[in-house]
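> How does the following fold in three dimensions:
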Amino acid sequence: MRQLGFVLGLGLLAGCQTQVPAGMPQQPQMQAAPQAIEAPSLTQNALPPASGEVLGQGSVRVALLLPLSAEGTSAQIGREFRNAAALAMEDVGQDTLQLVIKDTGRDAARVQAAASEAVLEGSSLVLGPIFAADVSAAAGVTRPAGKTMIAFSSDRNVAGSRVYLNSFLPGGVVTRTVSYASQNGVRSVLGFFANGPAGDLAEQAARTAIQANGGVMAASVRYDANEASIQQAAAAAVPVLMQADAILIPDGGPTPAAILGALRSNGADLANKRLLGTGQWTTANLSDPALQGAWFADSDQQRLTAFKARYQGKFGTAPTANAALAYDTVVMAGSVVKRFGAGGFANSVIEADSGYAGYAGVFRFEPDGTTQRGYAVYEVAPGGATRVVSPAPRSFSGS
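So this is what the prediction gives:
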């Protein structure tokens, strides 16, 4: 049962377009579990020196683990999260927190070393890492030490005891899309799901949402990301298409158009079939007439405008939507400290039923470590424009 909680406003409200990476990182091959590190017994005014970039002079220390020196896009993502955290510290107040940013690269040993430093330096909370394998590595240190971690991976498999994920989990947007459709006349859904863990999660979320609203899954078709596989999947779907009110395609990019084209080439009649998608459709060509009238769930994209403008004004480049997660989490941590002090990062506070409100919209942490988020539903209009048909919630029902 959830504890009664409160809403923490995270600065100016803004939001984001959901970006879920294609595929999901595999679990790392972990070495033997490290020995538990005992956190030092410290008063708030007796923090030891910290290793890493230090932002703020607060008496409560929070560590942020990022792959700043990794190769390729990992470092770019790390820098975005670092910058978003720095922006958050401007709103938190320099005297509220001492945020210590630690470079982990993408090496499990370095991740564990950074987590060990965070524990020994008296961090009350650990934020990050970003990637699933790194989260598992860090949790091998923070969990035995009794430290709570809020990471940013979209792989729910790494969530658990004392490990929360503030991320865009693939199932959330699927649930919102299907639930809205079911409540607006769609009773039977034909689903196309990519092979792999992300597709498994999307299919599970769709089935659960459809059944919860009294509908049925007419069929579930799986495919690989190549033309031959999509053609084969479409051919298998045609015989059951007449039983479906809607076609669900969670993947974005060229996939929705490719699947619809394959259905037509196999003789399918798509008239009167509602198309359903997710926030990944923002990477698709929405001006394609075939997608007109489709519904898809995503975060309230208007909210992201303020965040992007602030970030670009300070750092000179536009951030991705995921950077808003770092901002929201740092400000959440500062809000908890302002209200409860260094001891505020208890499960009952983090799992507050009323959740938190931030640039990425309202969110709350589940007891299993995953995140529930509030999404809007959009309809694709002629020319590729979108309009909101169901606004994102501003709070959680019953909170």
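> pretty sure A306 contacts Y359?
Yes. Counting by C-beta atoms under 8 Å, A306 touches Y359, with 7.3 Å between them. All C-beta atoms are positioned from the backbone trio N, CA, C, and that covers glycine.
> higher neighbour count, those two?
A direct count of neighbours by other C-beta atoms under 10 Å for A306 and Y359 places Y359 higher, at 32 against 15.
> didn't that one look like it was pressed against K308?
No. Counting by C-beta under 8 Å, Y359 does not reach K308; the two are 9.4 Å apart.
> any chance you could map the strands in the stretch 151-300 of the chain?
163-165, 188-194, 216-223, 246-248, 274-277, 295-298 (DSSP state E, counting those that start in this stretch).
> And the longest one, what's buried?
By that I understand strand 216-223. Judged by neighbour count using 16 or more other C-beta atoms under 10 Å, the buried positions of strand 216-223 are 217-223.
> T148: neighbouring residues, count only.
If we define neighbours as other C-beta under 10 Å, then T148 has 18 of them.
> swap that for A133, please
20.
> show me the contacts for the nearest residue to G199 once chain neighbours are set aside.
In this structure, G199 finds its nearest non-sequential neighbour in F193, 3.9 Å apart by C-beta to C-beta, 6 or more residues apart in numbering. Taking C-beta atoms under 8 Å, 6 or more residues apart in numbering, we find F193 in contact with 199-200, 202-203, 206, 220-223, 250.
> Could you give the bridge partners of F193?
Note on F193: beta-bridge partners R222, judged by DSSP bridges.
> Work out for me the element Q312 sits within.
Using DSSP states H and E, Q312 sits in helix 304-315.
> Likewise for M89?
helix 73-92.
> wait, isn't Q231 in contact with G261?
No. Using C-beta under 8 Å, Q231 is not in contact with G261, being 9.3 Å away.
> if we can go back for a sec, run the chain-centre distance for the helix or strand just after the helix holding M89.
For helix 73-92, the following helix or strand on the C-terminal side (DSSP H and E) is strand 97-103. Taking C-alpha atoms, centre = their mean, to the nearest Å, one finds strand 97-103 lying 22 Å from the centre of the chain it belongs to.
> could you check the angle strand 97-103 makes with the helix or strand just after strand 97-103?
Following strand 97-103 in sequence order, the next helix or strand is helix 108-120 (DSSP H and E). If you take axes from the mean of the first three to the mean of the last three C-alpha atoms, to 10 degrees, helix 108-120 sits at 160 degrees to strand 97-103.
> circling back: would JSON lines of the buried residues of strand 216-223 with distance to G355 be doable?
As requested, these are exported to JSON lines (distance: C-beta to C-beta, whole Å):
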{"residue": "M217", "distance to G355": "30"}
{"residue": "A218", "distance to G355": "34"}
{"residue": "A219", "distance to G355": "36"}
{"residue": "S220", "distance to G355": "31"}
{"residue": "V221", "distance to G355": "35"}
{"residue": "R222", "distance to G355": "34"}
{"residue": "Y223", "distance to G355": "36"}
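> need the residues you listed in TSV with pLDDT and distance to S161, can you?
Shown next, in TSV, are these (pLDDT from 0 to 100; distance: C-beta to C-beta, whole Å):
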residue	pLDDT	distance to S161
M217	95	33
A218	95	39
A219	95	38
S220	96	32
V221	97	36
R222	98	32
Y223	98	36
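> quick one: furthest residue from the center of this structure?
Distance from the centre of the chain peaks at G267, with 37.6 Å (C-alpha atoms, centre = their mean).
> Kindly reformat the strands of the stretch 151-300 of the chain as JSON lines and extend each row with distance to L68.
Shown next, in JSON lines, are these (distance: least, C-beta to C-beta, whole Å):
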{"stretch": "strand 163-165", "distance to L68": "21"}
{"stretch": "strand 188-194", "distance to L68": "31"}
{"stretch": "strand 216-223", "distance to L68": "37"}
{"stretch": "strand 246-248", "distance to L68": "38"}
{"stretch": "strand 274-277", "distance to L68": "34"}
{"stretch": "strand 295-298", "distance to L68": "29"}
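> nearest to V377, of the ones you listed?
strand 295-298 (5.1 Å; C-beta to C-beta).
> What pairs with that closest one, parallel or antiparallel?
strand 274-277 (parallel), strand 376-380 (antiparallel).
> Next, the residues that contact it from outside, please.
Against strand 295-298 from outside (C-beta under 8 Å, 6+ apart): 17-18, 173-174, 176-177, 180-181, 274-279, 281-282, 375-380, 389.
> Which helix or strand lies directly C-terminal to whichever strand or helix holds R339?
Counting by DSSP H and E, the element that carries R339 is helix 323-340. The helix or strand immediately downstream of helix 323-340 is helix 347-350, counting by DSSP H and E.
> in that next one, what counts as buried?
349-350.
> I'd like the distance from stretch 110-119 to the chain centre, please.
Distance, centroid of stretch 110-119 to centroid of chain: 24 Å (C-alpha atoms, centre = their mean).
> Could you tell me how far I247 is located from G277?
Per C-beta to C-beta, to the nearest Å, I247 is found 9 Å from G277.
> Who has more neighbours out of those two?
Remark: of I247 and G277, G277 carries more neighbours, 28 against 25, as counted by other C-beta under 10 Å.
> ranges for the helices of the stretch 151-300 of the chain?
For the stretch 151-300 of the chain, the helices defined by DSSP state H, counting those that start in this stretch occupy 170-182, 197-212, 227-241, 255-265.
> before we move on, back to that, just so I know, which of the strands paired with strand 295-298 lies nearest F152?
strand 376-380 (21.8 Å).
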